[in-house]
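Chemist: Any chance you could fold what I've pasted below:
(2 chains)
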Amino acid sequence: DVKVTQSSRYLVKRTGEKVFLECVQDMDHENMFWYRQDPGLGLRLIYFSYDVKMKEKGDIPEGYSVSREKKERFSLILESASTNQTSMYLCASSLKAGVGTQYFGPGTRLTVL
Amino acid sequence: AQTVTQSQPEMSVQEAETVTLSCTYDTSENNYYLFWYKQPPSRQMILVIRQEAYKQQNATENRFSVNFQKAAKSFSLKISDSQLGDTAMYFCAFMKHGGYGNKLVFGAGTILRVKS
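Modeler: Have a look, this model is predicted:
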């Protein structure tokens, strides 16, 4: 069965802290994605990776960075968390070939105080 | 750039009834894919149905079917015989054919509540 896991379901951090969100997939997928989900805005792409050590900016990369050292793991980093980064963060993965249906993780609800 | 619009923020339907969720999109591409994803309360997002733009036949998956109107750039989802488990946020999404990354562009979502 397809599986995408995220390190935390809920996270509370303080302004200025460095935050790591981790995502792991067990499907040998080449592509991995980080989205943030906000009410009325749907999902917006932060970063994606199409191979190990490869990354591309999405639509809203400001204030975020990513790391992909291994194929199965994709990390999202908030270098200095701010209150406007309070949101739900969703990770997804897909095969590079074909239609590339994306499979999603359960999400991490991050609150920055 | 592509955009996806879901004009109904919330909808409700009685159990066993039929409901249609609307989605329109804007693109200059000719080859693309359209998706409906479902996000149940506090649960993972899952794919409901997918449509390839080059196929004229509307996709169906059990109680879920789409009405794909390419010229009108419309992609609505019909849920027949609604069940309580259909209560969820539904997202319409667009993906351009080809290129790398298989990036999705999402609409804002529609909350569907199925009432008993």
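Chemist: check contacts around residue 93.
Modeler: Going with chain A. A:4, A:23, A:25, A:27, A:29, A:31-33, A:74, A:102-103 (Cβ atoms under 8 Å, 6 or more residues apart in numbering or on different chains). Glycine gets a C-beta too; all of them are placed from N, C-alpha and C.
Chemist: wrong one, I was asking about chain B
Modeler: Contacts of B:Ala93 (Cβ under 8 Å, 6+ apart): B:4, B:34-37, B:104-107.
Chemist: try A:Thr108
Modeler: A:6-11, A:21, A:88-89.
Chemist: For chain A, what is the nearest residue in chain B?
Modeler: When scored by Cβ to the nearest Cβ, chain B has B:Asn102 as its residue closest to chain A, at 3.1 Å.
Chemist: Give me the number of neighbouring residues for the closest residue to that residue other than its chain neighbours.
Modeler: Using Cβ to Cβ, 6 or more residues apart in numbering or on different chains and skipping the chain neighbours, the partner closest in space to B:Asn102 is A:Gly100 (3.1 Å). By other Cβ atoms under 10 Å in any protein chain shown, 19 other residues sit near A:Gly100.
Chemist: State the helix or strand in which the spatially most central residue of chain B lies.
Modeler: The centroid of chain B falls nearest to B:Trp36 when counting by Cα atoms, centre = their mean (3.0 Å). According to DSSP states H and E, B:Trp36 maps onto strand B:32-39.
Chemist: interface residues of chain B facing chain A?
Modeler: With Cβ under 8 Å from any Cβ of the partner chain as the criterion, chain B comes near chain A at residues B:4, B:6, B:9, B:33, B:35, B:37, B:43-47, B:50, B:52, B:91, B:95, B:100-104, B:106-109.
Chemist: run the last query once more with 7 Å
Modeler: Chain B comes close to chain A at residues B:33, B:44-45, B:47, B:50, B:91, B:100-104, B:106-109, as judged by Cβ under 7 Å from any Cβ of the partner chain.
Chemist: ok now do the residue most central in space within chain A, which residues does it touch?
Modeler: Nearest to the geometric centre of chain A sits A:Trp34, at 2.8 Å (Cα atoms, centre = their mean). Applying Cβ atoms under 7 Å, 6 or more residues apart in numbering or on different chains to A:Trp34 gives the contacts A:46-47, A:66, A:74, A:76, A:89, A:91.
Chemist: Tell me the pLDDT of residue 28.
Modeler: If you meant another chain, say so; for now it's chain A. pLDDT for A:Asp28: 91.
Chemist: Wait, chain B was what I had in mind.
Modeler: With respect to pLDDT, B:Ser28 scores 91.
Chemist: how far does stretch B:41-49 sit from the chain's center?
Modeler: Offset of stretch B:41-49 from its chain centre (Cα atoms, centre = their mean, to the nearest Å): 12 Å.
Chemist: Ok, stretch A:23-35 next?
Modeler: The chain centroid and the centroid of stretch A:23-35 are separated by 9 Å, computed with Cα atoms, centre = their mean.
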